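1. Next one to model:
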Amino acid sequence: MRHQLAELPDDVLLLVLANLDSARDLGALGRSCRALHHLVAHDGWRIFVKTRFPSLQVAAPATGRHTWPQLAESLTWQSRCWDRRALQFQALLPLPPHPGHGNRRDGRPQGASRGARFLSVVDAGFDPRTQQELVVWGAGEDIVARYRQRQGRDRVSKTSWHRSDGKALGLGAGYDDVKAIKIVRHGHEQALITGRHNGQLALLSAEPDRFGAQIALFDPVPDPSLNSQRSSEQDTINSLDVLYDGGKSLVVAATKSCVRIYGLPEDGAVETAPLTTYDLKEDNMTPSSARLGHAKWMEGGGSIALALVGSKDPLRYLALTPAGWVQHSAAKSARVAREFNVKHDGTVCPNSLEPVHLHTGAKRGTSLLLSAWRDGTIRLQDLRTASAFDVVYQDNVDPWSNAEALLAYGSERFITGGGDGPTIKIFDFRWTKDYYHTTGLPCLDRAPFPRPHQPFMMPPTRAGGGRARCDHVRGQACHWHGLSRRIYYRPNAKYFLSGPRRSFRSSSVWSLARASDAAPNLYVGVSGGVVEASLEQCPDTYPPPADAATVDPNFGFDDWRAAAAAVPGSGYKSRALVPSLMEIGDGYSFRGNDRSIVLSDLLTHQGPREWGGRYGGLMRHHRLDNGYQQELDFELPVEGPYS
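-> Just a heads-up that it's a prediction; the model follows:
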C-alpha cells in the first residue's frame, strides 16, 4: 500500500500533503518510505506551513539558518502555547537614581528614572540571517535599544544595550519626547526612523557601533502661508508606518492635521522632502476641530487608513487615484448601533489602527482594518465597500475597558492593551482556523477540561455521538476532538500584571510590537518602561523533567530573563512580573454586555523556583465559602513535527 501511494504523481501527492491536518501525520508519512521522505523533506513542510498558517507573514527560511521543518515545529509549538495561554512576563525598567550625580537641566537627578513621566513607544525586528533581535523604544527624549543574538539551543545569547542620550543632543523632556519609532533597512544596515513631539523626523543608524548617529532629516516643507499655530499643530509627529514595495520603502508620517509620504533618502543625502503631502484642513470633509491620530498603509499602498478625533466620522481613508489622494469615510457606527440595538460611542482610540492580513504575500495587501473605540468595542471593517462584513469584539466581563493599542497575528488572533492599567488581552478572531493543536492529541470520550467560563454561551451538550475514537474514513470526530474546536472551549483571556513597584500598577499600555509573526515574544510599551511577554510552555508533569524545553526551540531565547539583567551603562534592569489570568468569554459584542455577570476564576502563575515560586504552571483560584482553594492546572502533551 505504501508503494502504491508513493507511485502516485507528485502533483497528486502534494494535494494529499496539503490536506493533512497535523504535523504528526506529515512526519509519520515522511517516515513510511524513502520516496515520501524525500517529498516531505523538500516540499511537505513548506506546504504545511503555507496551508495551516496562511495568514501569518512568515518569510522563507534563510539558507543555513532555519529550515521549513523547524519553522513548522515553531509555529505548531506557538499555536499550542497561545491556546493554553502560556505567557510569561518581565518588566524592563530604568534604574533608580544614584546619589551624587548632580542635577539635570529639567530638575531631575542625573541618571534618574523618569518613572511614569514618559509614555514608551516600542518597535522590534528580527534578522533571520544573523539570528539577531533588535528592540528599541523611546524613553522620553532618549532612545534605548537592546540587541540579542541567538547562539543555538541551550546556549546563552549575546546581548548588548545601547542608548541615545537626548540631553547630549540638546533635547529636553516633554517637548522633545519620542512619539513614534520604526526599524527600517537603509542600504545594507539597520536604521531607525524617529518622530518627536517637536516635529523632528529623523533617520538614525541602528548599527551597534554607531547607534543613534544621524543619517538624514526628513524636511516637512512648511507652507509659508500658514500661521505659527497651524505650523505647530502640523509639526508634532503622531505616528509612523513603513511600506516595503519592490525593494523601496515608503514612510507615512501623521501629524495633527496632515499626512506626509516620504521615500528613504539616498546614500549621502542629509535632507529629504516629502513625495506627497495631504492637508486635512484643506478638505471640506474634515471639520476644523478634527485632529489626526494614526495613519496606516492599506491595500499594498493603494490606500491609507486614518483615525480622527473630533469628527462624527472618525475612521477615514485616503484612496490613491490618478488625480491624487481622495478622502473617504469608512466608519459604520450607524450600522453597529442598529445591529446591536445600542448607542455606541463614536470616538475611535487614535492609536489603535491595525491592518489584518488574510493571506501571506497578497499582491494587493489587505483592506481589512481593526480599530478600537471608546465604548470598549473593537471593530473589524472592510474599507472597500459600505456593505462590508463587520465583526464587533468586546470583553465579555469588563466590556467598558478601552484598548489603546492593537497587535494582530494574521487572522489567527489579536492582542489589545491599555485602558485599565498594565493589562493585555488575547482575542481569537473566531474564524475557522486551518490548524488546531488539539488535532494531534489523543482521542477521548469526554468533554475538554477544565470547563471554561463563558458568560453568554451555553456549553454544547453532544459532539461526535460520544465516540471514544475518531472515524477518519467517515469524517467523524470523537467526543473530545469534536468539542475542542468549538468556540465555547476556546475563551479569550485577560492578563493582569503585578509589578515590582507600586507606581507600575498605575501605569497603562501605549504601544505593542513584535519582531515577526514567527517570533515567540512581543513587547508592551507602558508608562515608564517596557514589558516583554514570551511564550513559555507549561510543564505536563510535576516535577518537570530537568531537560524539558520551555521556550521556542528555533526562535526563542533560553536565557530571555537573564539576558535583560542590569548591565553597566544600560540604565535598565529587569524584574519578573506575576501574571494573573481571567477568561473573558468568546469576545463577541452582545446586547447583554452592559449588565453585571458572575466573574470567572482568576489564575495566578507563581513562577519557577528561581523566581521564588513554589510550583511551575498556573494556580487556579476557586471561590469557596471558606476562601480560596488552589490546584495545579496541567494538560496533555505537546505536538511537534518530531513527536
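
2. can you pull the buried residues of stretch 38-48?
-> Across stretch 38-48, burial judged by 16 or more other C-beta atoms under 10 Å covers 39, 40, 43, 44, 45, 46, 47, 48. Yep, even glycine has a C-beta here, placed from its N, CA and C like the rest.

3. Okay, and which of those residues map to strands?
-> Residues of those located in strands (DSSP state E): none.

4. Tell me the spatial nearest neighbour of the most centrally placed residue in the chain, not counting adjacent residues.
-> Note on the chain: the residue nearest the mean C-alpha position is residue 407, at 3.6 Å, using C-alpha atoms, centre = their mean. Counting by C-beta to C-beta, 6 or more residues apart in numbering, residue 512 is the residue found nearest to residue 407 once chain neighbours are left out, at 3.9 Å.

5. What separation do you get for the one you found and residue 406?
-> As judged by C-beta to C-beta, to the nearest Å, residue 512 and residue 406 stand 7 Å apart.

6. Overlap in contacts, the two.
-> Here residue 512 and residue 406 have residue 415 as joint contacts, going by C-beta atoms under 8 Å, 6 or more residues apart in numbering.

7. Who are the contact partners of the closest residue to residue 467 other than its chain neighbours?
-> Using C-beta to C-beta, 6+ apart and skipping residues adjacent in sequence, the residue nearest residue 467 is residue 478, 4.7 Å away. Going by C-beta under 8 Å, 6+ apart, residue 478 touches 443, 444, 445, 464, 467, 468, 469, 470.

8. from the buried residues of stretch 38-48, which ones fall inside helices?
-> 39, 45, 46, 47, 48 (DSSP state H).

9. could I get those as a markdown table with distance to residue 242 and pLDDT?
-> Listed next are those as a markdown table, based on distance: C-beta to C-beta, whole Å; pLDDT from 0 to 100:
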| residue | distance to residue 242 | pLDDT |
| --- | --- | --- |
| 39 | 39 | 92 |
| 45 | 30 | 94 |
| 46 | 28 | 93 |
| 47 | 30 | 94 |
| 48 | 30 | 94 |
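
10. contacts for the longest helix seen in the chain?
-> Scanning the chain for the longest helix, with DSSP H as the assignment, gives helix 68-83. Contact with helix 68-83 is made by 23, 26, 41, 45-46, 48-49, 52-53, 56, 58, 61, 86-87, 412-413, 426, 435-438, 440, 490, 518, 520, 535-537, 552-555, 638-642, as judged by C-beta under 8 Å, 6+ apart.

11. What mean pLDDT does it get?
-> Confidence over helix 68-83 (mean pLDDT, whole number) is 92.

12. helix or strand right after that helix?
-> strand 87-94 (DSSP states H and E).

13. could you give the angle of that next one to helix 68-83?
-> Orientation note: strand 87-94 sits at an angle of 90 degrees relative to helix 68-83 (axes from the mean of the first three to the mean of the last three C-alpha atoms, to 10 degrees).

14. Direction included, what does strand 87-94 pair up with?
-> strand 529-535 (antiparallel), strand 572-576 (antiparallel) (DSSP bridges).

15. Any chance you could list what contacts the longest one?
-> Counting by C-beta under 8 Å, 6+ apart, the neighbours of strand 529-535 from elsewhere in the structure are 78, 81-82, 86-94, 120, 122, 135, 137, 422, 424, 497, 504, 507, 520-524, 551-552, 556-557, 560, 564, 577.

16. Now do residue 177, the pLDDT please.
-> 91.

17. is it true that it touches residue 195?
-> No: at 10.3 Å, residue 177 does not count as touching residue 195 under the criterion of C-beta atoms under 8 Å.

18. More neighbours: which of these two?
-> Ranked by neighbour count (other C-beta atoms under 10 Å), residue 177 and residue 195 place residue 195 first, with 27 against 22.

19. Go ahead and confirm that one touches residue 176.
-> No: with contact defined as C-beta under 8 Å, residue 195 and residue 176 do not form a contacting pair (11.4 Å).

20. what residue ranges in the stretch 301-450 of the chain score low on pLDDT?
-> 331-345, 361-363, 385-389, 419 (pLDDT under 70).

21. still on that earlier bit, and the residue nearest to the centre of the chain, bridged to which residues?
-> residue 415.

22. Now do the same contact list for it.
-> 354, 414, 415, 416, 512, 513, 514, 522.

23. Going by distance to residue 401, which of those wins?
-> When the contacts of residue 407 are ranked by distance to residue 401 (C-beta to C-beta), residue 416 comes first, at 8.9 Å.

24. pretty sure that closest one contacts residue 403?
-> Yes: contact criterion C-beta under 8 Å: residue 416 and residue 403 qualify, at 3.8 Å.

25. Please enumerate the shared neighbours of the two.
-> With C-beta under 8 Å, 6+ apart as the test, residue 416 and residue 403 both reach 372, 378, 425.

26. Please check the residues you listed and keep the buried ones.
-> Looks like the shared contacts of residue 416 and residue 403 have 372, 378, 425 buried, using 16+ other C-beta under 10 Å.

27. Using CSV, lay out these together with distance to residue 215.
-> Output for these, formatted as CSV (distance: C-beta to C-beta, whole Å):
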residue, distance to residue 215
372, 34
378, 37
425, 38
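
28. Mind checking which of those are in strands?
-> Among these, the members found in strands (DSSP E) are 372, 378, 425.

29. picking that back up, which PyMOL command selects the buried ones in the contacts of helix 68-83?
-> Restricted to buried positions by 16+ other C-beta under 10 Å, the PyMOL selection for the contacts of helix 68-83 reads:
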select buried, resi 23+26+45+46+48+49+52+53+56+58+61+86+87+412+413+426+435+436+437+438+440+490+518+520+535+536+537+552+553+554+555+638+639+640+641
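
30. so of the contacts of helix 68-83, which ones are in strands?
-> 87, 413, 426, 535.
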